[in-house]
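Colleague: Sequence unavailable; structure follows:
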(Lines give C-alpha, C1' and ligand atoms only; values in the text may rest on other atoms or scores of the structure.)
Protein backbone atom coordinates (compact mmCIF):
# COMPACT_ATOMS: atom_id res chain seq x y z
CA UNK A 1 0.00 0.00 0.00
CA UNK A 2 1.37 3.38 -1.03
CA UNK A 3 2.18 5.88 1.55
CA UNK A 4 1.01 9.50 1.34
CA UNK A 5 4.58 10.52 0.50
CA UNK A 6 4.89 8.13 -2.45
CA UNK A 7 1.50 9.23 -3.82
CA UNK A 8 2.60 12.84 -3.71
CA UNK A 9 5.83 11.91 -5.52
CA UNK A 10 3.84 10.17 -8.30
CA UNK A 11 1.73 13.30 -8.80
CA UNK A 12 4.93 15.32 -9.28
CA UNK A 13 6.56 12.89 -11.79
CA UNK A 14 3.57 11.87 -13.93
CA UNK A 15 3.22 15.16 -15.92
CA UNK A 16 6.85 14.98 -17.13
CA UNK A 17 6.44 11.37 -18.24
CA UNK A 18 3.30 12.27 -20.12
CA UNK A 19 5.11 15.10 -21.95
CA UNK A 20 7.99 12.77 -22.86
CA UNK A 21 5.56 10.14 -24.14
CA UNK A 22 3.72 12.74 -26.20
CA UNK A 23 6.97 14.01 -27.70
CA UNK A 24 8.06 10.47 -28.68
CA UNK A 25 4.68 9.76 -30.24
CA UNK A 26 4.72 13.01 -32.20
CA UNK A 27 8.23 12.29 -33.53
CA UNK A 28 7.14 8.81 -34.58
CA UNK A 29 4.19 10.21 -36.54
CA UNK A 30 6.46 12.67 -38.35
CA UNK A 31 8.84 9.84 -39.30
CA UNK A 32 5.97 7.72 -40.63
CA UNK A 33 4.68 10.62 -42.73
CA UNK A 34 8.14 11.25 -44.17
CA UNK A 35 8.60 7.60 -45.11
CA UNK A 36 5.21 7.58 -46.78
CA UNK A 37 6.20 10.54 -48.99
CA UNK A 38 9.50 8.92 -49.97
CA UNK A 39 7.82 5.61 -50.84
CA UNK A 40 5.23 7.40 -52.96
CA UNK A 41 7.92 8.84 -55.32
CA UNK A 42 7.89 6.99 -58.69
CA UNK A 43 10.63 4.40 -59.07
CA UNK A 44 11.95 6.06 -62.19
CA UNK A 45 12.40 9.42 -60.45
CA UNK A 46 16.11 8.91 -59.83
CA UNK A 47 16.59 7.72 -63.41
CA UNK A 48 14.76 10.75 -64.72
CA UNK A 49 16.89 13.05 -62.55
CA UNK A 50 20.07 11.39 -63.80
CA UNK A 51 18.93 11.67 -67.41
CA UNK A 52 18.02 15.33 -66.92
CA UNK A 53 21.40 16.05 -65.36
CA UNK A 54 23.14 14.18 -68.19
CA UNK A 55 21.23 16.16 -70.82
CA UNK A 56 22.13 19.43 -69.11
CA UNK A 57 25.81 18.44 -69.06
CA UNK A 58 25.66 17.47 -72.73
CA UNK A 59 24.06 20.78 -73.69
CA UNK A 60 26.74 22.62 -71.72
CA UNK A 61 29.49 20.71 -73.52
CA UNK A 62 27.90 21.36 -76.91
CA UNK A 63 27.62 25.06 -76.17
CA UNK A 64 31.30 25.34 -75.25
CA UNK A 65 33.44 26.78 -78.03
CA UNK A 66 36.89 25.36 -78.74
CA UNK A 67 39.59 27.23 -76.89
CA UNK A 68 41.68 29.56 -79.09
CA UNK A 69 45.10 28.18 -79.98
CA UNK A 70 48.00 30.57 -80.48
CA UNK A 71 50.33 29.28 -83.18
CA UNK A 72 53.73 30.63 -84.21
CA UNK A 73 55.35 29.87 -87.57
CA UNK A 74 59.06 30.30 -86.99
CA UNK A 75 61.40 30.42 -90.00
CA UNK A 76 65.08 29.82 -89.28
CA UNK A 77 67.81 27.24 -89.87
CA UNK A 78 65.95 24.52 -87.97
CA UNK A 79 62.49 23.02 -87.81
CA UNK A 80 60.47 19.97 -88.81
CA UNK A 81 59.58 21.43 -92.23
CA UNK A 82 62.05 22.19 -95.00
CA UNK A 83 61.14 25.28 -97.00
CA UNK A 84 61.19 24.50 -100.72
CA UNK A 85 60.30 27.97 -101.93
CA UNK A 86 58.81 31.31 -100.92
CA UNK A 87 56.80 32.90 -103.72
CA UNK A 88 55.50 36.45 -103.55
CA UNK A 89 52.04 36.52 -105.14
CA UNK A 90 51.33 40.18 -104.45
CA UNK A 91 52.85 42.83 -102.19
CA UNK A 92 56.03 42.73 -100.14
CA UNK A 93 57.92 39.43 -99.80
CA UNK A 94 59.44 37.66 -96.78
CA UNK A 95 63.14 36.98 -96.15
CA UNK A 96 64.51 33.63 -97.29
CA UNK A 97 64.85 30.80 -94.78
CA UNK A 98 65.74 27.11 -94.82
CA UNK A 99 63.30 25.54 -92.39
CA UNK A 100 60.07 26.20 -90.51
CA UNK A 101 58.84 25.16 -87.09
CA UNK A 102 55.15 25.27 -86.17
CA UNK A 103 54.80 25.93 -82.44
CA UNK A 104 51.44 25.73 -80.69
CA UNK A 105 52.25 27.75 -77.60
CA UNK A 106 51.62 31.29 -76.33
CA UNK A 107 55.32 31.71 -75.55
CA UNK A 108 57.54 29.73 -77.93
CA UNK A 109 61.21 29.44 -77.09
CA UNK A 110 63.65 30.64 -79.76
CA UNK A 111 66.95 28.79 -79.65
CA UNK A 112 68.26 30.56 -82.75
CA UNK A 113 67.61 33.95 -84.29
CA UNK A 114 64.66 33.55 -86.70
CA UNK A 115 64.44 35.00 -90.18
CA UNK A 116 60.81 35.82 -89.40
CA UNK A 117 57.98 34.77 -87.09
CA UNK A 118 54.31 34.88 -88.04
CA UNK A 119 51.65 34.40 -85.38
CA UNK A 120 47.98 33.61 -85.58
CA UNK A 121 45.21 32.31 -83.38
CA UNK A 122 42.48 29.81 -84.17
CA UNK A 123 38.98 31.14 -83.67
CA UNK A 124 35.31 30.53 -84.25
CA UNK A 125 33.99 30.48 -87.81
CA UNK A 126 33.13 33.89 -89.21
CA UNK A 127 31.40 33.45 -92.59
CA UNK A 128 30.13 29.85 -92.38
CA UNK A 129 26.49 28.81 -91.96
CA UNK A 130 25.31 25.65 -90.18
CA UNK A 131 25.04 23.44 -93.28
CA UNK A 132 28.52 24.46 -94.44
CA UNK A 133 29.99 23.93 -90.99
CA UNK A 134 28.48 20.44 -90.73
CA UNK A 135 29.85 19.53 -94.16
CA UNK A 136 33.32 20.77 -93.21
CA UNK A 137 33.35 18.90 -89.91
CA UNK A 138 32.26 15.65 -91.58
CA UNK A 139 34.94 15.80 -94.29
CA UNK A 140 37.86 17.65 -92.74
CA UNK A 141 40.87 15.51 -91.80
CA UNK A 142 43.16 16.46 -88.89
CA UNK A 143 46.66 17.80 -89.29
CA UNK A 144 49.82 15.73 -88.73
CA UNK A 145 48.72 12.72 -90.80
CA UNK A 146 51.77 10.49 -91.46
CA UNK A 147 51.28 10.50 -95.25
CA UNK A 148 50.76 14.27 -95.46
CA UNK A 149 54.42 15.20 -95.94
CA UNK A 150 53.75 18.30 -98.05
CA UNK A 151 52.52 21.60 -96.65
CA UNK A 152 51.82 25.20 -97.62
CA UNK A 153 51.67 28.30 -95.48
CA UNK A 154 49.82 31.13 -97.19
CA UNK A 155 49.72 34.45 -95.30
CA UNK A 156 47.41 37.07 -96.77
CA UNK A 157 46.42 40.63 -95.98
CA UNK A 158 43.19 42.18 -97.20
CA UNK A 159 42.57 45.77 -98.18
CA UNK A 160 40.95 48.46 -96.08
CA UNK A 161 38.01 48.32 -98.50
CA UNK A 162 37.35 44.74 -97.37
CA UNK A 163 37.35 45.61 -93.70
CA UNK A 164 35.10 48.61 -94.31
CA UNK A 165 32.39 46.25 -95.53
CA UNK A 166 29.70 44.98 -93.19
CA UNK A 167 29.77 41.34 -92.10
CA UNK A 168 26.92 40.35 -94.42
CA UNK A 169 28.61 42.11 -97.35
CA UNK A 170 31.83 40.20 -96.75
CA UNK A 171 29.88 36.94 -96.48
CA UNK A 172 28.17 37.64 -99.81
CA UNK A 173 31.52 38.16 -101.55
CA UNK A 174 33.21 35.30 -99.69
CA UNK A 175 30.69 32.58 -100.46
CA UNK A 176 27.74 33.67 -102.55
CA UNK A 177 29.96 35.24 -105.22
CA UNK A 178 33.33 33.51 -104.75
CA UNK A 179 32.14 30.12 -103.42
CA UNK A 180 35.19 29.91 -101.17
CA UNK A 181 33.76 27.21 -98.88
CA UNK A 182 32.16 25.22 -101.71
CA UNK A 183 35.45 25.13 -103.61
CA UNK A 184 37.37 24.03 -100.51
CA UNK A 185 34.90 21.21 -99.83
CA UNK A 186 35.71 19.67 -103.21
CA UNK A 187 39.28 19.00 -102.07
CA UNK A 188 38.44 17.37 -98.74
CA UNK A 189 39.54 15.13 -97.16
CA UNK A 190 42.73 14.98 -99.25
CA UNK A 191 43.86 18.46 -98.22
CA UNK A 192 43.71 19.35 -94.53
CA UNK A 193 43.74 22.98 -93.51
CA UNK A 194 43.67 25.23 -90.47
CA UNK A 195 42.96 28.96 -90.50
CA UNK A 196 44.69 31.35 -88.09
CA UNK A 197 43.55 34.92 -87.48
CA UNK A 198 46.32 37.48 -87.17
CA UNK A 199 44.62 40.85 -87.60
CA UNK A 200 43.55 40.91 -83.93
CA UNK A 201 47.19 40.34 -82.94
CA UNK A 202 48.39 43.36 -84.98
CA UNK A 203 50.50 41.09 -87.18
CA UNK A 204 51.61 42.07 -90.71
CA UNK A 205 49.04 39.68 -92.22
CA UNK A 206 45.32 39.23 -91.54
CA UNK A 207 45.18 35.45 -92.02
CA UNK A 208 47.61 32.54 -92.02
CA UNK A 209 46.27 29.41 -93.68
CA UNK A 210 48.17 26.17 -93.15
CA UNK A 211 47.59 23.24 -95.54
CA UNK A 212 48.87 19.66 -95.35
CA UNK A 213 48.56 16.98 -98.04
CA UNK A 214 50.24 13.88 -99.45
CA UNK A 215 52.61 14.19 -102.45
CA UNK A 216 50.07 12.57 -104.78
CA UNK A 217 47.66 15.43 -104.06
CA UNK A 218 50.09 18.19 -105.03
CA UNK A 219 48.38 18.82 -108.37
CA UNK A 220 45.00 19.03 -106.65
CA UNK A 221 46.37 21.63 -104.26
CA UNK A 222 47.73 23.73 -107.14
CA UNK A 223 44.27 23.63 -108.69
CA UNK A 224 42.63 24.64 -105.41
CA UNK A 225 44.88 27.67 -104.97
CA UNK A 226 44.42 28.75 -108.58
CA UNK A 227 40.63 28.59 -108.31
CA UNK A 228 40.55 30.59 -105.09
CA UNK A 229 42.74 33.32 -106.58
CA UNK A 230 40.44 33.59 -109.56
CA UNK A 231 37.49 34.87 -107.50
CA UNK A 232 35.95 38.19 -106.55
CA UNK A 233 37.22 37.80 -102.99
CA UNK A 234 40.86 37.76 -104.08
CA UNK A 235 40.49 41.27 -105.53
CA UNK A 236 40.51 42.45 -101.91
CA UNK A 237 43.95 40.90 -101.22
CA UNK A 238 46.88 43.33 -101.30
CA UNK A 239 49.58 41.04 -99.88
CA UNK A 240 50.02 37.28 -100.27
CA UNK A 241 52.98 34.96 -99.84
CA UNK A 242 52.95 31.31 -100.92
CA UNK A 243 55.37 29.18 -98.87
CA UNK A 244 55.79 25.51 -99.85
CA UNK A 245 57.30 22.96 -97.51
CA UNK A 246 58.29 19.31 -97.14
CA UNK A 247 58.42 17.45 -93.85
CA UNK A 248 61.91 16.01 -93.39
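Modeller: Thanks, I have it. Keep in mind that what you see is a predicted model, and the values were worked out from it rather than measured. Residues are numbered from 1 along each chain as shown.

Colleague: Following the chain past the lowest-mean-pLDDT helix or strand in the chain, name the next helix or strand.
Modeller: The helix or strand of the chain with the lowest confidence, counting by mean pLDDT, DSSP states H and E, is helix 45-63 at a mean of 44. The helix or strand immediately downstream of helix 45-63 is strand 70-76, counting by DSSP states H and E.

Colleague: So which residues make contact with that next one?
Modeller: With Cβ atoms under 8 Å, 6 or more residues apart in numbering as the test, strand 70-76 has contacts from 83, 94-95, 97-106, 108, 110, 112-122, 153, 196, 208, 210. In this view, the C-beta of every residue, glycine as well, is placed from N, C-alpha and C.

Colleague: pLDDT on that strand, on average?
Modeller: In this model, strand 70-76 has a mean pLDDT of 97.

Colleague: Repeat that for stretch 146-166.
Modeller: Throughout stretch 146-166, pLDDT has a mean value of 98.

Colleague: Can you give the domain ranges for the protein?
Modeller: Taking automatic domain parsing as the domain assignment, the record places the domains of the chain at 4-63, 70-247.

Colleague: Let me have these in CSV, extended by mean neighbour count.
Modeller: What follows is these, written out as CSV (neighbours: other Cβ atoms under 10 Å):
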stretch, mean neighbour count
domain 4-63, 9
domain 70-247, 16
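
Colleague: I'd guess residue 168 is in a helix, am I close?
Modeller: Yes. According to DSSP: H, G, I helix; E, B strand; the rest coil, residue 168 belongs to a helix.

Colleague: Could you check how far it is from residue 152?
Modeller: Plainly put, residue 168 is 30 Å away from residue 152 if you go by Cβ to Cβ, to the nearest Å.

Colleague: repeat for residue 107
Modeller: With the distance defined as Cβ to Cβ, residue 107 ends up 26 Å from residue 152.

Colleague: Residue 240 touches residue 86, doesn't it?
Modeller: No. Contact status for residue 240 versus residue 86: not in contact, 11.6 Å apart, counting by Cβ atoms under 8 Å.
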